[in-house]
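Colleague: below: sequence and its predicted model.
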Amino acid sequence: MKFSEVEETTWDELSPYFDTCLIPYTGLTGNETPIQATKALERLRDFMDLVEIPFKGRVITYPAFQYGLGEDYSLLNEVCHHVKTTGFRYVIIMTADANVDGEKLNNCNLLLSLQSMKEEGQAISAAVIKEKIQNLWSE
């Protein structure tokens, strides 16, 4: 479920069921042409479908964090921290193209990086993503 689909009148009733926040991270630099930016957003959207569709009743997708500053993840990490203070137990960051050092994101519970998974030779499928998220929830 996307953050914009949540209605104020039902949030108090539904919030106990939504314990996981998904933060899309595009990692744009500003050097992209409009075509490249569009393709990056499409890759991220398609990757996010592996979480948003099967976990619609438990995961809320927040607005995307579009731009990255290289190895400085302090703002992204701070956003993860603040999201947790609003009541989310878990924060998942998803990125399609950015190389993200998960060790620097101590407020993120799970980093799903399409590029890293490809580089490590991991299978990229709904079943693999589902297993990673269910492992997070069972910890």
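Modeller: Received, thanks. Numbering: from 1, shown residues only.
Colleague: go ahead and confirm Glu52 touches Ile60.
Modeller: No - counting by CB atoms under 8 Å, Glu52 does not reach Ile60; the two are 9.5 Å apart. Heads up, the C-betas are built off the backbone N, CA and C, glycines and all.
Colleague: between these two, which has more neighbouring residues?
Modeller: It is Ile60, of Glu52 and Ile60, that has more neighbours when counted by other CB atoms under 10 Å, with 22 against 18.
Colleague: surely that one and Leu14 touch.
Modeller: No - between Ile60 and Leu14 no contact is recorded; they are 9.4 Å apart, counting by CB under 8 Å.
Colleague: what do the two both touch?
Modeller: Contact with both Ile60 and Leu14 is made by residues Val6, according to CB atoms under 8 Å, 6 or more residues apart in numbering.
Colleague: which residues are common contacts for Glu52 and Ile60?
Modeller: Overlap of the contact sets of Glu52 and Ile60 (by CB under 8 Å, 6+ apart) consists of Met1, Lys2, Leu22.
Colleague: neighbour-wise, which of those leads?
Modeller: Busiest of the shared contacts of Glu52 and Ile60 [other CB under 10 Å] is Leu22, holding 26 neighbours.
Colleague: before we move on, what SS does it have?
Modeller: Going by DSSP: H, G, I helix; E, B strand; the rest coil, the secondary structure assigned to Leu22 is strand.
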